[in-house]
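**Q** the following comprises the amino acid sequence and a computationally predicted model.
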Amino acid sequence: MLTLQALATRLGGVHHGPPDLALRDVQPVDSAEAQHLTFVNDARHLELLASSRAGAVLCREGDDVGDRPAIRVANPRLAAAEALRLFHPRAAAIAGVHETASVARGAFVPASAEIGPFAVVEQGARVGERTILGAHVVVGRGCRVGDDTHLYPRVVLYPGVTVGARCDIHVGVVIGSPGFGVEMGPEGPVEFMQRGTVTLGDEVRVGANTTIDRATFGATRLGDGVQIDNLVQVGHNVTIGDGVIICALAGIGGGATFEDRSVLGPQGALAPDATLGAGTILGARGALQSHGRLDDPGQVYMGTPPIPLADWRRWVVLRRRLKRGKKDL
Amino acid sequence: MLTLQALATRLGGVHHGPPDLALRDVQPVDSAEAQHLTFVNDARHLELLASSRAGAVLCREGDDVGDRPAIRVANPRLAAAEALRLFHPRAAAIAGVHETASVARGAFVPASAEIGPFAVVEQGARVGERTILGAHVVVGRGCRVGDDTHLYPRVVLYPGVTVGARCDIHVGVVIGSPGFGVEMGPEGPVEFMQRGTVTLGDEVRVGANTTIDRATFGATRLGDGVQIDNLVQVGHNVTIGDGVIICALAGIGGGATFEDRSVLGPQGALAPDATLGAGTILGARGALQSHGRLDDPGQVYMGTPPIPLADWRRWVVLRRRLKRGKKDL
Amino acid sequence: MLTLQALATRLGGVHHGPPDLALRDVQPVDSAEAQHLTFVNDARHLELLASSRAGAVLCREGDDVGDRPAIRVANPRLAAAEALRLFHPRAAAIAGVHETASVARGAFVPASAEIGPFAVVEQGARVGERTILGAHVVVGRGCRVGDDTHLYPRVVLYPGVTVGARCDIHVGVVIGSPGFGVEMGPEGPVEFMQRGTVTLGDEVRVGANTTIDRATFGATRLGDGVQIDNLVQVGHNVTIGDGVIICALAGIGGGATFEDRSVLGPQGALAPDATLGAGTILGARGALQSHGRLDDPGQVYMGTPPIPLADWRRWVVLRRRLKRGKKDL
């Protein structure tokens, strides 16, 4: 339970209505009840709000919400995301090692950590305070996992990987698999052994069944607050800055770089050694060519090679005309 | 063993030849033996049939199969699929909980279910009658799994997920992972907590290592008879109607809808909130843009944005001419 | 430790400098120390070499490396890959079955094999000499795994699959999942049962979370020395020749063929029954259409349908002009 006033303070907004109004969760406008805080993000939401039973609403300065209790903020959806975190703190570890787990003698697991059924912690690995390892997790030899991190069921860390604090690594993620380095020899392909490692910063989120390869030499590096969706492939020696967002099924080639807060859309790609500049957005299916650089903070690019969104839209219209057989472009 | 007559009855076809001819499996035309039923689907098959040793053949009215015993049907390949199911019924559960499995005290597992080695069933979960959980499966807190369903090895259901009856969920599938909702805040991306769930209908088939995300609020919903291939990403709040087919490596954005019996090709995509209409087919690599709608039952579309197959073919020819530097289109 | 002379002999090169110079690893030019062999592959490497502390260098005939001890070879990067293998032989199995592993009575596991924690070997399966099964591996009924092969944690082989000798199958790989065969019936899609299997040759490398489907009838076949990256989908009845390379997130349709030493780039595709000819390279995102054939040894193709790289580059320029609204092509 949080009061309207307490929420306004925590969310950096201004409240209107009874300061001690008690709220206990966030719900969308069409399913919220009297005990819920809701949020309006666009005209459709505002329309639905009229008939909503929500006890209070997150809205923008100037939104007409009648006399319903409200908290006015700059970005209602962002405020709702933050309110959800206040109502639902991270799951706390239930300290202890499950009787079926296999922890090597030379591994370090603190008393505050939770080690799930059939989890494996190999020799020389260190698990952080209050960290949770789900069922069937494997933490390889010599790995380091930070405090308050959650490895969901069947995450596998190959030997020598480092994961920061307060990370969420979802089911089936593989970190530290060997990068794909192949040299074509006279008798066929020869693997180039991958001797490096992977390092993740703090508060990194990695989606289900994503794979992150170790470096050939040195390290594949992810900064703090990186958000990665499901089924993404991150190649060897990739560098990912702070607050970068990578959507599902994207493929990142060896040696590519994401500068801070850049964004790559679903099924997108950075070819080997490409660089996506700080704050630049490469949309769905966009692919940046090998050694290419795209650096345009806040702008959205589309296509292969990428072009600005406005050009892309013109191109789509043009293609439609072309296919109709019109010669006059 | 099934007789020619029994097969004809079950497959809704007309038999020619000895009604009590005993057959014991389906084999393709080039490897079938006297005890096998084969099927001819095109001219090449018919040609191969001449030298085939098959005991009997599934064919269309009008196909010249000489005096070989035959069952004439509307769609021989569909009839072969159905015949295979008659010869090879679903594997029956070998009732019992493996001695290494970990079933929580508050979980419900009926005596008829088969729980494999190192499987984990968490508190409050319910497993259906005769349902099979393979090795290393994890059924999260409060999940519901229907009767006669098969979760293959290392499927993971996050807490609160519902799976229907007679489903086949293949190795490595993840259901109920949090949707990818990120709001960009002044200090970097903030995750929008995913409070919803996932519900699967009956007779759903999900391919290996596919991931299906829970809804932000409410539920990601799959209807009955849905067929999903390997390595597909299904986002939060997606709605998938009955009998929908989704091929490998496709990516489905948040809030997208598949109406009944629509089809999405390999590496295809539905962007967030797009709708693929009932019976509409979006081919390989096709991508439907955000909030887009494609509704043309039985028709095949290609490309991004999608255009009808005939137009696509013209476009491919046009591009070939363009690249040759011909100015006259 | 290996001497300069021994290395030159093993790598088929000519050494310059003290024959008994002892070296103990390979490192890139910017981090190599006195005890390391490094390699120079291009002008940038040669420049960095001047200030490198490397004890010796792999270079081409004619490269100016001053008086630094050197081994001159045709392809320095290939030689470095081979040198790494000399310094770091494959991990040897630590013979024995982990006390938590579950080996069926009718399975064959030789005394020289290493079976990891919570691994499952089902009835009738045979594991090779000195083969390693990582944690949570499942080897299904009747599978055959060759000698000196390494199945990394949580690899799953469905029943009846054959894997050759000296293979590396990485974390989360699924082999033998049913192919995606669906016939549309009057009441919705009907699965076409997949009765075949999968056969892998020797020295095959499969990347993390990749899926390889069994054949409808017969076998999905991979030859010797095949190199597959992460998150690749290989469909039913695919044939992959010797020394083929397939990059991440590629999708291979049913019945497609890779002839020897062909290469498919990341996010690429072969549609059903397509054939990529011996030594032909289909680049990133390239897709070969159904029943298509591309046969041009040593040449690189791009796009969908694929066109030669030179044409592709012209096309990219053309598109840029088109989008600028220039009518004069």
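**A** Looks like it came in fine. Numbers count the residues shown, from 1 in each chain, chains lettered A, B, ... in the order given.

**Q** so does the helix ranked longest in chain A get close to chain C?
**A** Criterion DSSP state H: the longest helix present in chain A is helix A:309-323. Yes. Using C-beta under 8 Å from any C-beta of the partner chain, helix A:309-323 reaches chain C at A:311-312, A:314-315, A:318. No exception for glycine: its C-beta is placed from N, CA and C like everyone else's.

**Q** which among the residues you listed gets closest to residue A:4?
**A** Closest approach to residue A:4 among these (C-beta to C-beta): residue A:312, at 44.1 Å.

**Q** what's the least confident helix or strand in chain A, going by average pLDDT?
**A** When each helix and strand of chain A is scored by mean pLDDT, DSSP states H and E, helix A:309-323 comes last, with a mean of 78.

**Q** tell me what angle it forms with helix C:309-323.
**A** Interaxial angle of helix A:309-323 relative to helix C:309-323 (axes from the mean of the first three to the mean of the last three C-alpha atoms, to 10 degrees): 100 degrees.

**Q** mind giving me the packing neighbours of helix A:309-323?
**A** strand A:300-302, helix B:309-323, helix C:309-323 (3 or more C-beta pairs under 8 Å, 6 or more residues apart in numbering or on different chains; DSSP states H and E).

**Q** can you put those in CSV and add distance to residue A:109 and mean neighbour count?
**A** Below are the helices and strands packed on helix A:309-323 laid out as CSV (distance: least, C-beta to C-beta, whole Å; neighbours: other C-beta atoms under 10 Å in any protein chain shown):
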stretch, distance to residue A:109, mean neighbour count
strand A:300-302, 45, 21
helix B:309-323, 57, 16
helix C:309-323, 53, 16
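
**Q** tell me which of these sits nearest to residue B:252.
**A** The nearest among the helices and strands packed on helix A:309-323, by C-beta to C-beta, is strand A:300-302 at 19.3 Å.

**Q** pLDDT on the closest one, on average?
**A** Averaging pLDDT along strand A:300-302 yields 96.

**Q** that one near chain C anywhere?
**A** No. Against chain C, strand A:300-302 shows no contacts by C-beta under 8 Å from any C-beta, the least distance being 10.9 Å.

**Q** sheet partners, orientation included, of that strand?
**A** strand A:281-282 (parallel), strand A:307-308 (antiparallel) (DSSP bridges).

**Q** ok, residue A:99 to residue C:100 distance?
**A** Between residue A:99 and residue C:100 the computed distance is 11 Å (C-beta to C-beta, to the nearest Å).

**Q** among the two, which residue is more densely surrounded?
**A** Neighbour count, other C-beta atoms under 10 Å in any protein chain shown: between residue A:99 and residue C:100, residue C:100 has more, with 19 against 7.

**Q** tell me the pLDDT of residue A:325.
**A** 54.

**Q** neighbours around the residue in chain A that chain B sits nearest to, how many?
**A** Closest to chain B within chain A is residue A:243: 3.4 Å, counting by C-beta to the nearest C-beta. Residues contacting residue A:243 under the criterion other C-beta under 10 Å number 25.

**Q** likewise residue A:42?
**A** By other C-beta under 10 Å, neighbour count at residue A:42 equals 9.

**Q** and it, how far is that from residue A:59?
**A** 11 Å.

**Q** partners of the one residue in chain A that gets nearest to chain C in the sheet?
**A** Nearest to chain C, among the residues of chain A, is residue A:188, at 3.4 Å (C-beta to the nearest C-beta). Beta-bridge partners for residue A:188, by DSSP bridges, are residue A:185.

**Q** got the contact list for the residue positioned nearest the centre of chain A?
**A** In chain A, the residue lying closest to the centroid (C-alpha atoms, centre = their mean) is residue A:227, at 1.8 Å. By C-beta atoms under 8 Å, 6 or more residues apart in numbering or on different chains, the contact list for residue A:227 reads A:204-205, A:243-246, B:180, B:182, B:189, B:191.

**Q** again, 6 Å this time
**A** Taking C-beta atoms under 6 Å, 6 or more residues apart in numbering or on different chains as the criterion, residue A:227 is in contact with A:205, A:245, B:182, B:189.
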